[in-house]
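> My questions concern the predicted model and sequence given below.
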Amino acid sequence: METKKITRILFVCLGNICRSPAAEAMLRMVVEREGLADRVVIDSAGTYGGHAGERSDVRMRRAAAARGIEMPHLARQVRETDFDKFDMLIAMDDNNYEALFRLAPDRAAQQKIYRFREFLRHNPDWSYIPDPYYEGHEGFELVLDLLEDGCATIVEQLR
């Protein structure tokens, strides 16, 4: 009997209330739709722990809900043990990438860190996923568009 490889993915942004929980929810929706839910474990966290235990930003939850995406995640901070639990830690921008790199316990853990931009196919001009926290509705929509693009690429790689 063939065993399926399970890939464990952790999305990381600053506060874990906008971008990374949206990426988590987006990827979860896509893998469920594609019948790959048994092949992937998905979570998200922030490099800053000030929002730990809070729900995602209401503006992001509204924008995601309009696309049929539920965001039940509660914010948490990245822990060193996440490098053992996850195969891929995907940072939304360079600041969070660098924070993860500093937190990584060793070189093998550093090799698990990716930038979300590496998965963008239809939006190659974006070098990061912008933080919509101080933006209007358009900022949240842009983030969801970028996440949709990158999550499609991740799903292709999971196949």
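Thanks, I have the structure now.
> how about low-confidence regions in this protein?
Along the chain, the model assigns pLDDT under 70 to residues 1-3.
> hey, where'd the strands end up in it?
In the chain, strands defined by DSSP state E lie at 7-13, 40-46, 88-91, 113-115, listed in chain order.
> which strands and helices sit next to the first one?
In this case it means strand 7-13. helix 19-33, strand 40-46, helix 82-85, strand 88-91, helix 94-103 (3 or more CB pairs under 8 Å, 6 or more residues apart in numbering; DSSP states H and E). Placement of C-beta: from N, CA and C, glycine included.
> Which helix in this protein has the most residues?
In the chain, assigned by DSSP state H, the helix with the most residues is helix 137-158.
> Let me know how buried residue 112 is, in neighbour terms.
For residue 112, the tally of surrounding residues (other CB atoms under 10 Å) stands at 18.
> wait, what's in contact with the residue nearest to residue 110 when sequence neighbours are not counted?
When the adjacent residues along the chain are set aside, residue 110 lies closest to residue 104, with 4.4 Å between them (CB to CB, 6 or more residues apart in numbering). When contacts are counted by CB atoms under 8 Å, 6 or more residues apart in numbering, residue 104 is found next to 83, 110, 112, 113.
> how close does the nearest residue to the third one once chain neighbours are set aside sit to residue 37?
Among residues not flanking residue 112 along the chain, residue 89 sits closest, at 5.5 Å (CB to CB, 6+ apart). Spatial separation of residue 89 from residue 37 under the definition CB to CB, to the nearest Å is 20 Å.
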